[in-house]
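A.B. asks: got a predicted structure here, sequence first:
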Amino acid sequence: MTRELRTGYDMIFELLIQLVDGPKPKTMLMYKTRMNSKQVRYYIGFIVEKNLVTMKMGKTVAGQKRDLYTLTENGKSFIDAANRLR
């Protein structure tokens, strides 16, 4: 079984796609994108810095207080542009 290597661009795109349907905590993003915690921390930091995503304190479905990540308009524009290039 071979596994295709993902580029940084692929990882950023996967994180942004996960946020299209609403805010999510970092742990959920980690599981959904099959990244380890170090990778998620790095790429979340990058996309927050580039204003593609915002971080706010909120409550998860289970009612726990967590940092939730939300897609910005810039993030939505990035996804649209990336889809046109694919």
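C.D. replies: The structure has been received and is ready for your questions.
A.B. asks: can you say which helix or strand has the residue nearest in space to the middle of the chain in it?
C.D. replies: The geometric centre of the chain, computed from its C-alpha atoms, lies nearest to Leu15 (C-alpha atoms, centre = their mean), at 2.6 Å. In this structure, Leu15 is located in helix 8-18 according to DSSP states H and E.
A.B. asks: next SSE downstream of that helix?
C.D. replies: Taking DSSP H and E as the definition, the helix or strand right after helix 8-18 is strand 24-25.
A.B. asks: quick one: contacts of the next helix or strand after that following strand?
C.D. replies: Downstream of strand 24-25, the next assigned helix or strand under DSSP H and E is helix 26-33. Contact partners of helix 26-33, identified using C-beta atoms under 8 Å, 6 or more residues apart in numbering, comprise 11, 14-15, 18-19, 24, 35-37, 40-41, 44, 66-67, 69. Backbone N, C-alpha and C define where each C-beta goes, glycine included.
A.B. asks: switch the cut-off to 7 Å
C.D. replies: 11, 14-15, 18, 37, 40, 44, 67, 69 (C-beta atoms under 7 Å, 6 or more residues apart in numbering).
A.B. asks: excluding its backbone neighbours, what's nearest Met11?
C.D. replies: Tyr43 (5.3 Å; C-beta to C-beta, 6 or more residues apart in numbering).
A.B. asks: number of nearby residues for that neighbour?
C.D. replies: Per other C-beta atoms under 10 Å, the neighbour tally for Tyr43 reads 20.
A.B. asks: surely it touches Asp10?
C.D. replies: No - Tyr43 is beyond contact range of Asp10, at 10.3 Å (criterion: C-beta atoms under 7 Å).
A.B. asks: thinking again about what came up before, put the buried members of the contacts of helix 26-33 into a ChimeraX selection.
C.D. replies: Buried subset of the contacts of helix 26-33, written as a ChimeraX selection, criterion 16 or more other C-beta atoms under 10 Å:
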select :11,14,15,18,40,44,69
